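A.B. asks: Sequence plus the predicted model coming up.
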Amino acid sequence: MSEKKLPGTVRLRVAPSPTGDPHVGTAYMSMFDLAFARQQGGRFLLRIEDTDRARLQEDSERQIFDTLHWLGLTWDEGPDVGGPCAPYRQSERLETYRPFVERLLKAGHAYHCWCSAELLTAMREDQQRRKVPTGYDRLCLGKTRDERAALPGFSETPVVRMRIPDDVETSFDDLIAGRIDAPVPDDQVILKADGFPTYHLAVVVDDHLMGITHVVRGQEWISSTPKHLLLYRWLGIDPPAFAHMPLLRDERKAKISKRKSPWARLTWFKEQGYLPEALVNFLALQGYPPIVEADGTEREVFTFDEFAERFEWSKVNPAGSIFNLDKLDWLNGVWIRDLPLGEFTSRLLPFLEADGVLSGNPSLGELARLRSIAALIQTRMAKLTEASALVAPFFMGDDVIAIADDARAQLDAQSPAVLEAAMHALGDIDDHSRGVLGSESDWAAARIEAALRTAIVEGLGVKPKIAFGPLRTAVSGQRISPPLFESMEILGKTSTLARLQALRDTL
Ligand code: GLU
């Protein structure tokens, strides 16, 4: 199969329709577009396909821009950045499509159709009942307006339909799947009664006028491609290369839909505390194998740049894979651990603010403390949303620590003695702490640990495994918390002792 390789001239586009929350498929397509465009020194365009006025949703376009930017996927031309083929919004290009429709009408490749919506619905229902292929029955073909007006189901404003030839070619070459056989199309509408082109006409005209060399889109569009190839032929235009990407499937193997799966929405991933680096890596793996190193080992964790450098169409797996959120959680943990501490700390801030743990404008002291805590939790998190519960106890007043039920369940008859021994042992340590981990101080994790081990494990003979549960409960209110001794160091002596005393008082 010939792959169009014109270094420096490849042009790819993503063409989302602004019909609500951006679909994860928009990011998936963009990544493959962008990978190939970058590798070939070409350009990546964003075009807004807003010809379906009924499904349009305000704000959707901005969300598309925001989520793709969040993922680090940038376009060279688009409605927001402009470019030589502007406008990049189809609703602003209506005049562009009309001459193409005229040409097709004149050449007899297209015709007017006045059938009303009710008539078309009744036709489809009848075909379904008779179990014959559904499609337009060509009632209007070859008729003048007056001839058609004399028949039932006439609508004043016509649409324009393609006249699909009987010998339509339905197979075509695909960069991913090889030769594909698509179903025979019916006489597709190309211009609607409202004067807007349908997707089929607009996509062909725009891909042509915008110089698109490779059309990358989901496999759900395979059945449309023969119609598009006909339009290219009739208009005397060379078609681009096509790459139909494997569908993103849910665990029931069905195409992921926004109706059924929350993770079909791109914004969901951001809200759930996934890192863009991890989502990009994960989406690449949905259609692409791991990187194979020189020594033959496989590597699943890679950056977008590494993916783009090595990208080849022939390696895309046409079967695709199941969307496995456990795998995404794992990858996210890997990417979280890979972040420099300062960067990790800043990425926590929006989540801590949203959960009311910190204000949007934290003080330098709070930031320093947060950085210390971040160092303790970075290795323990799969998602950024987990941070608030871990961080909150460090920013609470000592008298408002709420003890979670599962933390309270760690307490037993020995707990009062454990808490008292701890307070006694810790009371002897000098406190010069600044509440920041690693500060030069007697009140430091190693010293705290040694004192507590001597007092509780050796002094009271409590097994180490259960010795520190009550202390963790007192300090954090949680059963699972950042490492105990480091937490105490960050909290400082006064807070630690106050929290131990507060829990002791309730027992
Ligand atoms: N507007 C179509 C969509 O929303 C684009 C399909 C294509 O890339 O040709 O998926």
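C.D. replies: Right, received. Where do you want to start? Numbering: from 1, shown residues only.

A.B. asks: tell me what the helix ranked longest in the chain is packed against?
C.D. replies: When the chain is scanned for its longest helix (criterion: DSSP state H), the result is helix 24-39. Helices and strands touching helix 24-39, by 3 or more CB pairs under 8 Å, 6 or more residues apart in numbering; DSSP states H and E, are strand 11-14, strand 43-46, helix 60-70, strand 214-218, strand 241-245, helix 266-271, helix 276-287, helix 304-310. Using the backbone N, CA and C atoms, a C-beta is placed for each residue, glycine as well.

A.B. asks: just the angle between it and helix 276-287, please?
C.D. replies: 90 degrees (axes from the mean of the first three to the mean of the last three CA atoms, to 10 degrees).

A.B. asks: tell me the angle helix 24-39 makes with strand 241-245.
C.D. replies: 140 degrees.

A.B. asks: Could I get the contacting residues of the closest residue to the ligand within the stretch 351-500 of the chain?
C.D. replies: Residue nearest to the ligand within the stretch 351-500 of the chain: Lys383 (28.6 Å; CB to the nearest ligand atom). Each residue near Lys383 by CB atoms under 8 Å, 6 or more residues apart in numbering is listed here: 272-274, 329, 332.

A.B. asks: ok, of these, which one's closest to Glu169?
C.D. replies: Tyr274 (43.1 Å; CB to CB).

A.B. asks: okay, the closest residue to Leu339 other than its chain neighbours: pLDDT?
C.D. replies: The spatial neighbour of Leu339 that comes closest, neighbours along the chain excluded (CB to CB, 6 or more residues apart in numbering), is Arg347 at 7.0 Å. In this model, Arg347 is scored at 97, pLDDT.

A.B. asks: Check the gap between the spatially most central residue of the chain and Lys143 for me.
C.D. replies: Of all residues in the chain, the one closest to the mean position by CA atoms, centre = their mean is Leu266, 3.7 Å from it. Applying CB to CB, to the nearest Å, the value for Leu266 to Lys143 is 47 Å.

A.B. asks: cool, and Gly492?
C.D. replies: Gly492 is 88 Å from Lys143, by CB to CB.

A.B. asks: got the residues of this protein near the ligand?
C.D. replies: 15-17, 49, 199, 203, 217, 221 (CB under 6 Å from any ligand atom).

A.B. asks: Next, the buried residues of the lowest-mean-pLDDT helix or strand in the chain.
C.D. replies: Least confident element among the helices and strands of the chain, by mean pLDDT, DSSP states H and E: helix 464-467 (a mean of 83). By 16 or more other CB atoms under 10 Å, the buried positions in helix 464-467 come out as Ala467.

A.B. asks: helix or strand right after it?
C.D. replies: Going down the chain from helix 464-467, the next helix or strand is helix 469-476, by DSSP states H and E.

A.B. asks: hmm, who's touching that following helix?
C.D. replies: Outside helix 469-476, the residues that reach it (CB under 8 Å, 6+ apart) are 393, 401, 403, 407-408, 410-411, 415, 418-419, 422, 452, 478-479, 481-482, 484, 487-488, 491, 496, 499-500, 502-504.

A.B. asks: what about this structure, any weak spots by pLDDT?
C.D. replies: Applying pLDDT under 70 to the chain picks out residues 1-8, 432-441.

A.B. asks: mind redoing it with 80?
C.D. replies: 1-8, 258, 431-441, 465 (pLDDT under 80).

A.B. asks: for Gln63, what are its contacts?
C.D. replies: 21-22, 266-267 are the contacts of Gln63 under CB under 8 Å, 6+ apart.

A.B. asks: measure it to the ligand for me?
C.D. replies: 14 Å (CB to the nearest ligand atom, to the nearest Å).

A.B. asks: Check Leu34 too.
C.D. replies: The value you get for Leu34 to the ligand, if CB to the nearest ligand atom is used, is 14 Å.

A.B. asks: just checking, Asp399 is part of a strand?
C.D. replies: No: counting by DSSP: H, G, I helix; E, B strand; the rest coil, Asp399 is not part of a strand but helix.

A.B. asks: Report the secondary structure element holding the closest residue to it other than its chain neighbours.
C.D. replies: Once flanking residues are discounted, Asp399 sits nearest to Ala502: 6.5 Å by CB to CB, 6+ apart. Applying DSSP H and E as the criterion places Ala502 in helix 493-506.

A.B. asks: quick one: contacts of that helix?
C.D. replies: Contacts for helix 493-506 (CB under 8 Å, 6+ apart): 398-399, 401, 403, 416, 419-420, 422-423, 426-427, 429, 431, 433, 443, 470-471, 473-475, 488, 491.

A.B. asks: beta partners for the residue of the stretch 151-300 of the chain found nearest the ligand?
C.D. replies: Nearest residue of the stretch 151-300 of the chain to the ligand (CB to the nearest ligand atom) works out as Arg217 at 3.4 Å. Note on Arg217: beta-bridge partners by DSSP bridges are His244.

A.B. asks: Could I get the contacting residues of the residue nearest to Gly108 when sequence neighbours are not counted?
C.D. replies: Using CB to CB, 6+ apart and skipping residues adjacent in sequence, the residue nearest Gly108 is Arg163, 6.8 Å away. With contact taken as CB under 8 Å, 6+ apart, Arg163 is in contact with 108-111, 141, 187.

A.B. asks: Compare these and tell me which is most surrounded.
C.D. replies: Neighbour counts for these peak at Ala110, which has 25 neighbours (criterion: other CB atoms under 10 Å).
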